[in-house]
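Engineer: build me a structure from this.
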Amino acid sequence: MPNAAQLFFLVAVIFSAIIHEYCHGWMADRSGDPTARLAGRLTLNPIPHIDPIGTVILPLILMAIPGNPVLFAYAKPVPVNPYNLRNPRRDGGLVAFAGPAINLLVALVLGALYQLLPKNLLFSVYLDIAVFANVMLAVFNLIPVPPLDGSKVLFAILPESLHNVEVFLETYGVWLFLPLLFLFYPVLNPVLSFIYSLLTGRLF
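Structural biologist: Below is the predicted model of the structure:
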C-alpha cells in the first residue's frame, strides 16, 4: 500500500503532466496550429487530458505491486498538426520545448517557496515532492530520443546537413527508444539531482 507521500507524488506527476500538455497546445495555438484548441484541450480541466492507460491503468498497476517504489503517470498528448505551424521546423521545436519549460518554471517557483518556508511544515514536504515531480518530467522529456520532446527540440536546431539523422531517428526511433534511453541514462540522474538540489537547496 503506497504511503501518503507516494500518493501525493503521483497526484503531482499527473497534474504536472496536464500542465505540460496544456503548454504544448498553447504554444502550438500561438504558432498557428489551432488543433488542440479546437479539440478542447486548451484547458486545465484534467478530464480531457486523462489517458486511460497512462493516467489510470499504469498507476494502479504500479501501486498494486508489493514493495514497488516506482510510481509514474502521464497525460494524453495534445494533438498538434505541424503543417499548420507558420514555421514548422522552428515552431515545432518551440512547441516541444514548451512542455518541459513550464515544468521547470513550476519547479523554480515551488522551489523558491520551499526555501522560504520553515522545513518542519507538512506543506513544505509536499512542495519538495512537487518540485521533484516537475524536474523529473522536464529532464526525462528533454532526452533527445523519439518520441520524447527532446528529439523535436534537437530536430529544430540540427543543421540541414544532418537532416538524414533526423529522418533516421523519426523512422526507427520507436525501435531504438529503449537502447537510446539506456545510453542517456547515466547522465539522467546527475542532471536531475543537480537541478533539484539547485532549486530546493537539498541534496537528492
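
Engineer: verify the contact between Asn84 and Arg37 for me.
Structural biologist: No: counting by CB atoms under 8 Å, Asn84 does not reach Arg37; the two are 11.1 Å apart. (C-beta placed from N, C-alpha, C; glycine too.)

Engineer: pLDDT averaged over stretch 145-162 - what is it?
Structural biologist: The average pLDDT within stretch 145-162 is 87.

Engineer: pull the residues that contact it.
Structural biologist: 89-90, 92-97, 99-100, 140-144, 165-166, 169-170, 173-174, 176-177, 180-181, 184 (CB atoms under 8 Å, 6 or more residues apart in numbering).

Engineer: among those, which are in helices?
Structural biologist: Judged by DSSP state H, the contacts of stretch 145-162 include 89-90, 92-97, 99-100, 140-141, 165-166, 169-170, 173-174, 176-177, 180-181, 184 as members of helices.

Engineer: of those, buried ones?
Structural biologist: When the ones in helices among the contacts of stretch 145-162 are checked for burial by 16 or more other CB atoms under 10 Å, the buried set is 92-97, 99-100, 140-141, 166, 169, 173, 177, 180, 184.

Engineer: list the contacts for the most centrally placed residue in the chain?
Structural biologist: Of all residues in the chain, the one closest to the mean position by CA atoms, centre = their mean is Leu137, 3.6 Å from it. Neighbour list for Leu137: Val13, Ser16, Ala17, His20, Pro100, Asn103 [criterion: CB under 8 Å, 6+ apart].
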